[in-house]
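> Please work out how this folds:
(one chain, ligands or ions: 1)
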Amino acid sequence: MAGLPNFSLPHGAALVTGASSGIGQAIAVAIAAAGAPVACVSRGHVDQQETLSLVEAVGGRALALTADVTDPDGLADAVARTEAELGPLAYAVNNAGIGAGGGALDLPLEDWERVYATNVTGVFLAAQAEARAMVPRGGGAIVTIGSISGHIANRGLRQAVYNSSKAAVSHLTRSLAAEWAPQGIRVNCVSPGYTLTPMNARPEVADEVERFADETPMARLAEPMEIAGPVVFLLSDAASFCTGADLVVDGGFTCW
Ligand SMILES: NC(=O)c1ccc[n+]([C@@H]2O[C@H](COP(=O)([O-])OP(=O)(O)OC[C@H]3O[C@@H](n4cnc5c(N)ncnc54)[C@H](O)[C@@H]3O)[C@@H](O)[C@H]2O)c1
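Numbering: from 1, shown residues only. Okay, the predicted model is just below:
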């Protein structure tokens, strides 16, 4: 019989994009708690002190790095600095993304391109930079953050650009999983449902958030840490036969 499943992260350093707030912040903390030192990558103007303090509070080690996920050189530099300061890159989570709406009939091309640059190209470029470091060492594990919006068109929300960008994340994940399996890299996606990040905690969206909860079998939104658990699972050896999976974490929202 194979060994018992191991849910910890003992093989090296981790990198998380968009780790300054919300889901990415929770993921960085959960990864540190599972045993890996974690590089928290965010854009230049973003303060990462809160994430660093939360990682320290669980006894972990974090490094704040600056890179925009639309910039391949910045990402390559972030990977190199992660390896120089925290050790070989074994785990990565490509979480940075932007929400965006707007009716399709009037959507300006620049809005479309801005969302795709971060949500699709950014996820690809980050995975490429990470895999270039992982391949010479025989592999690693990457998780992308999609959305239920890549699986369904959210009722009442006009956001074709966001929905289609997240569907692209799901299929990019499957494509990279198939391509990099021979090199020992597993690539999986976590597709969250509505989650209580700062974006959804604003008073002006309170009515909308109440509707999201009503339309969810579990009758509430996710806490960011409830997304981080499935991410850590997919990074860990407990998921050693998972690649190309797309784990929907939505309290049952897409069941209805
Ligand atoms: N909150 C939800 O309900 C929800 C649901 C499904 C999926 N998601 C996805 O989860 C991910 C995190 O969302 P969140 O709600 O925590 O949002 P958030 O705005 O709190 O966090 C997004 C993070 O990404 C970073 N970021 C954005 N653009 C970047 C860029 N070009 N380069 C580097 N970093 C960049 C931001 O600085 C921030 O740290 C996103 O991909 C989002 O689409 C969120």
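
> avg pLDDT for the helix ranked longest in the chain?
If you go by DSSP state H, the chain has its longest helix at helix 160-180. Across helix 160-180, the average pLDDT comes to 98.

> can you check stretch 223-234 too?
Rounded mean pLDDT across stretch 223-234 is 98.

> And for stretch 79-94?
98.

> and what of stretch 49-62?
On average, stretch 49-62 scores 97.

> quick check, it touching the ligand?
No. Contact of stretch 49-62 with the ligand (C-beta under 6 Å from any ligand atom) is absent, the minimum separation being 8.7 Å. C-beta: built from backbone N, CA, C; applies to glycine.

> ok now that stretch, how far from the chain's centre?
18 Å (C-alpha atoms, centre = their mean, to the nearest Å).

> Let's see it as CSV, backbone CA atoms only.
C-alpha atoms of stretch 49-62 as CSV (Å, rounded to 0.1, in the frame of the first residue of the first chain):
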residue,chain,number,x,y,z
GLN,A,49,2.9,44.4,5.7
GLU,A,50,-0.4,42.8,6.8
THR,A,51,0.3,39.6,4.9
LEU,A,52,3.9,39.4,6.3
SER,A,53,2.6,39.8,9.9
LEU,A,54,-0.1,37.2,9.4
VAL,A,55,2.5,34.7,8.1
GLU,A,56,4.8,35.4,11.0
ALA,A,57,1.9,34.9,13.4
VAL,A,58,1.6,31.3,12.2
GLY,A,59,5.3,30.8,12.7
GLY,A,60,6.0,31.0,8.9
ARG,A,61,8.6,32.8,6.8
ALA,A,62,7.6,35.3,4.1
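
> list the contacts for the residue of the stretch 51-200 of the chain found nearest the ligand?
Taking C-beta to the nearest ligand atom as the measure, the point where the stretch 51-200 of the chain comes nearest the ligand is residue 97, at 2.2 Å. Taking C-beta atoms under 8 Å, 6 or more residues apart in numbering, we find residue 97 in contact with 18, 118, 119, 122, 123, 145, 147, 165, 166.

> What count of nearby residues applies to residue 63?
20 (other C-beta atoms under 10 Å).

> ok, now which ones touch it?
Contacts for residue 63 (C-beta under 8 Å, 6+ apart) come out as 37, 38, 39, 40, 81, 82, 85, 86.

> what's the closest non-adjacent residue to it?
Leaving aside its sequence neighbours, residue 63 sits nearest to residue 39 (C-beta to C-beta, 6 or more residues apart in numbering; 4.8 Å).

> ok, that neighbour to residue 243 distance?
23 Å (C-beta to C-beta, to the nearest Å).

> Now, of the contacts of residue 63, which are buried?
Neighbour counting with 16 or more other C-beta atoms under 10 Å marks 37, 38, 39, 40, 81, 82, 86 as buried within the contacts of residue 63.

> I'd like these as JSON lines, with secondary structure and distance to the ligand appended.
As requested, the buried ones among the contacts of residue 63 are exported to JSON lines (DSSP: H, G, I helix; E, B strand; the rest coil; distance: C-beta to the nearest ligand atom, whole Å):
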{"residue": "37", "secondary structure": "coil", "distance to the ligand": "19"}
{"residue": "38", "secondary structure": "strand", "distance to the ligand": "14"}
{"residue": "39", "secondary structure": "strand", "distance to the ligand": "13"}
{"residue": "40", "secondary structure": "strand", "distance to the ligand": "9"}
{"residue": "81", "secondary structure": "helix", "distance to the ligand": "15"}
{"residue": "82", "secondary structure": "helix", "distance to the ligand": "15"}
{"residue": "86", "secondary structure": "helix", "distance to the ligand": "19"}
